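*Asks:* Here you go, sequence then predicted model.
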Amino acid sequence: MKAMILAAGLGTRLRPLTNTIPKPLLPIAGTPLIVWNLLLLKRHGFHQVVINLHYLGPMIEQALGDGSKFGMRIIYSHEPVILGTGGGIKKAEPYFSGEPVLILNADTLVELDLEALWDFHRSRGAVATLVLREDPEADRWGVVEVGEQDRILRITGRGVREAATIARRMFAGIHILHPRLLQQVPKGVASSIIDPYVAAIERGEPVLGYDLRGYWSDIGTPERYTHAEQDARSGRIRLDARSSHRISR
């Protein structure tokens, strides 16, 4: 399975911190945020990752290089015009070679067993699997409604109307998708990856939710950045505490 890290965002909510440094390079316990995600991928057997770039992209490329210092190969997908999650993933589609791809946000700090996630996705025959988490403010983030057998019914109210909701979750920004879902995503146009997910739900295809039990933090505001830094320094999340299981590909 391929992997992609979305790193093209402007980081506007973190200004002035991001006036001169892109958000993915902000340090958490001395290590750039995007490197936490690269090392998580490596520990689960990923050795090739696509990273999309826009705002201050050359700084990210200079910091990470070709990935060899991490024991990985990094491919960059440059976006002169920012394309959003849908357009950005669509632009990188040729690198996926028709295989399922795991998507991570560069601004998310997470503890997740990627092997268990992949096994869940593959064994259940999902066309897409979204990592979800319980949150009392799920409506503020954008509620994801889950029905029987972990099937996602609605995302922010869009999807299948008649089915009953069993659980209300928020999307953690980590997902696995099959590239065929990108067929209707326009090239070179900004869009959201949620649109093809909703379309698949409406067609009755299995778009599943996978509950995250471990640590998660969206580094979206100065307050959350400060909290994540404190969490890392106190040992709530550690670079050396992640599973070394590998994904068969």
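*Replies:* Thanks, I have the structure now. Because the structure is a prediction, the values reported are computed rather than measured.
*Asks:* quick one: low-confidence ranges for the protein?
*Replies:* Counting by pLDDT under 70, the chain contains low-confidence ranges at 240-249.
*Asks:* Helices of that one, start to end?
*Replies:* Applying DSSP state H to the chain gives helices spanning 33-43, 57-64, 84-91, 114-123, 138-141, 194-202, 222-234.
*Asks:* So which of those is nearest T20?
*Replies:* Checking the helices of the chain against T20 by Cβ to Cβ gives helix 57-64 as the closest, at 8.9 Å. Quick note: C-beta positions are derived from backbone N, CA and C, even for glycine.
*Asks:* Okay, buried residues for that closest one please.
*Replies:* Of the residues in helix 57-64, G57, I60, E61, L64 count as buried by neighbour count, 16 or more other Cβ atoms under 10 Å.
*Asks:* wait, doesn't V131 sit right on L177?
*Replies:* No - between V131 and L177 there is no contact under Cβ atoms under 8 Å: 12.0 Å.
*Asks:* Counting neighbours, show which residues of stretch 64-72 come out buried.
*Replies:* Result for stretch 64-72 [16+ other Cβ under 10 Å]: buried residues L64, G67, F70, M72.
*Asks:* cool, stretch 105-115 as well?
*Replies:* For stretch 105-115, by 16+ other Cβ under 10 Å, it's N105, A106, D107, T108, L109, V110, E111, L112, D113, L114, E115.
*Asks:* quick revisit: switch the buried residues of helix 57-64 over to TSV; also include distance to R122.
*Replies:* Shown next, in TSV, are the buried residues of helix 57-64 (distance: Cβ to Cβ, whole Å):
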residue	distance to R122
G57	33
I60	31
E61	32
L64	29
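*Asks:* Tell me which residue of the chain is positioned farthest from its centroid.
*Replies:* E162 (29.1 Å; Cα atoms, centre = their mean).
*Asks:* gap between it and I201?
*Replies:* 12 Å (Cβ to Cβ, to the nearest Å).
*Asks:* show me the contacts for the residue nearest to R133 when sequence neighbours are not counted.
*Replies:* Closest residue in space to R133, ignoring its immediate chain neighbours: L212 at 4.4 Å, by Cβ to Cβ, 6 or more residues apart in numbering. Each residue near L212 by Cβ atoms under 8 Å, 6 or more residues apart in numbering is listed here: V110, L112, V131, L132, R133, A172, I174.
*Asks:* Then L6?
*Replies:* Counting by Cβ under 8 Å, 6+ apart, L6 touches N52, T85, G88, I89, I103, L104, N105, A106.
*Asks:* Now do the strands in the protein.
*Replies:* Ranges of strands in the chain, per DSSP state E, are 2-6, 27-28, 31-32, 48-53, 73-78, 101-105, 108-110, 128-133, 143-146, 152-155, 158-159, 167-177, 207-211, 216-218.
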